[in-house]
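1. here is a sequence with its predicted model. Questions after.
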Amino acid sequence: MPGGRLTQQERRQIALGLADGLAYAEIARGLERPTSTVTREVMRNGGPTAYRADLAHRATEHRAHRRRQAAPREAKAAPQAHGRDDEAVRAYEETFTAVFMQSGLPRMTARALACLYTTDEGSLTASELVQRLQVSPASVSKAVAFLESQGLIRRERDERRRERYIVDDDVMYQSTMAGARATAQLGEIARQGVRILGSGSPAATRLENIARFVEFVSEGIARAAEQAREVLHAKPEQTS
């Protein structure tokens, strides 16, 4: 199985696969690469509709050049905790970012969320996010504002009066419940349409079915989240 960075030819094969409507897993099999490699490559270079092989190749070379320039500074950085491999951690964060992007988050927002989830503390200040992500303060500010509005993170002040952005056990629960409420609201709006369009009409029947479907789904999500909430607080040995 090939290793190392993707070649320009492999990127062209990815672009052809996307144009043919192939799934990431199928493209990956053709390249003899992990599916996560293809997913990460596509999502960090515009997504499935905007991916361009030549542009992606140049962007990768540019990122590699920047990393080489930053190498002397990184060499002085403290070693990773728990004996972690720097390269493996970076690759995992990119994969995690790609998954968040597939769920609809913008790339910068997805990077910030992945960064928070992969810290042992589960929290970072704005300046720490800027340093870790190597982006502008404005980019971080916009990303965390969106994440907070969606209930995906929360903020609080630490003992030094600095604002910290946090992903903790209850953030995931609250986010799931917010999603269930949003789904339930869709059902309520659909039922309004049933009354307006006239019960028994084709359009009203369609909306009634939608309402019943999303109500069932939202109730199931809320019920499952309540039942599983204790898992978020369990120790690893309790969930093994």
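-> Looks like it arrived, so ask away.
2. going by C-alpha atoms from here, please, whenever you check contacts or count neighbours.
-> OK.
3. can you give me the domain boundaries for the chain?
-> Following automatic domain parsing, one finds the domains of the chain at 8-77, 97-166, 169-239.
4. torsion angles phi and psi at residue 6?
-> Main-chain dihedrals, residue 6, degrees, to the nearest 10: phi -70, psi 140.
5. list the contacts of the nearest residue to residue 197 once chain neighbours are set aside.
-> In this structure, residue 197 finds its nearest non-sequential neighbour in residue 204, 5.7 Å apart by C-alpha to C-alpha, 6 or more residues apart in numbering. Residue 204 makes contacts with 193, 194, 195, 197, 198, as judged by C-alpha atoms under 8 Å, 6 or more residues apart in numbering.
6. how about a cut-off of 7 Å?
-> By C-alpha atoms under 7 Å, 6 or more residues apart in numbering, the residues touching residue 204 are 193, 194, 197, 198.
7. give me the buried subset of these.
-> 193, 194 (16 or more other C-alpha atoms under 10 Å).
8. including pLDDT, secondary structure and distance to residue 11, could the contacts of residue 204 go into TSV?
-> Formatted as TSV, these follow (pLDDT from 0 to 100; DSSP: H, G, I helix; E, B strand; the rest coil; distance: C-alpha to C-alpha, whole Å):
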residue	pLDDT	secondary structure	distance to residue 11
193	93	helix	47
194	90	helix	49
197	92	helix	50
198	88	coil	53
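9. before we move on, the earlier item: just the pLDDT at the residue nearest to residue 197, thanks.
-> On the pLDDT scale, residue 204 is placed at 94.
10. that one: what secondary structure?
-> helix (DSSP: H, G, I helix; E, B strand; the rest coil).
11. distance check, it against residue 26.
-> 40 Å (C-alpha to C-alpha, to the nearest Å).
12. can you tell me the centre-most residue of this protein?
-> residue 100 (1.4 Å; C-alpha atoms, centre = their mean).
13. host element of that one?
-> For residue 100, the host element (DSSP states H and E) is helix 86-102.
14. with just CA atoms, put whichever helix or strand comes after that helix into CSV.
-> The element immediately downstream of helix 86-102 (helix or strand, assigned by DSSP H and E) is helix 107-117. Provided in CSV are the C-alpha atoms of helix 107-117 (Å, rounded to 0.1, in the frame of the first residue of the first chain):
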residue,chain,number,x,y,z
ARG,A,107,-13.2,24.7,7.5
MET,A,108,-12.0,27.2,10.0
THR,A,109,-14.8,26.5,12.4
ALA,A,110,-14.2,22.7,12.0
ARG,A,111,-10.5,23.2,12.7
ALA,A,112,-11.2,25.1,15.9
LEU,A,113,-13.6,22.5,17.1
ALA,A,114,-11.2,19.6,16.3
CYS,A,115,-8.4,21.5,18.1
LEU,A,116,-10.5,21.9,21.2
TYR,A,117,-11.6,18.3,21.3
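15. list the contacts of helix 107-117.
-> Applying C-alpha under 7 Å, 6+ apart, the contact partners of helix 107-117 are 93, 96, 97, 100, 101, 122, 123, 124, 143, 167.
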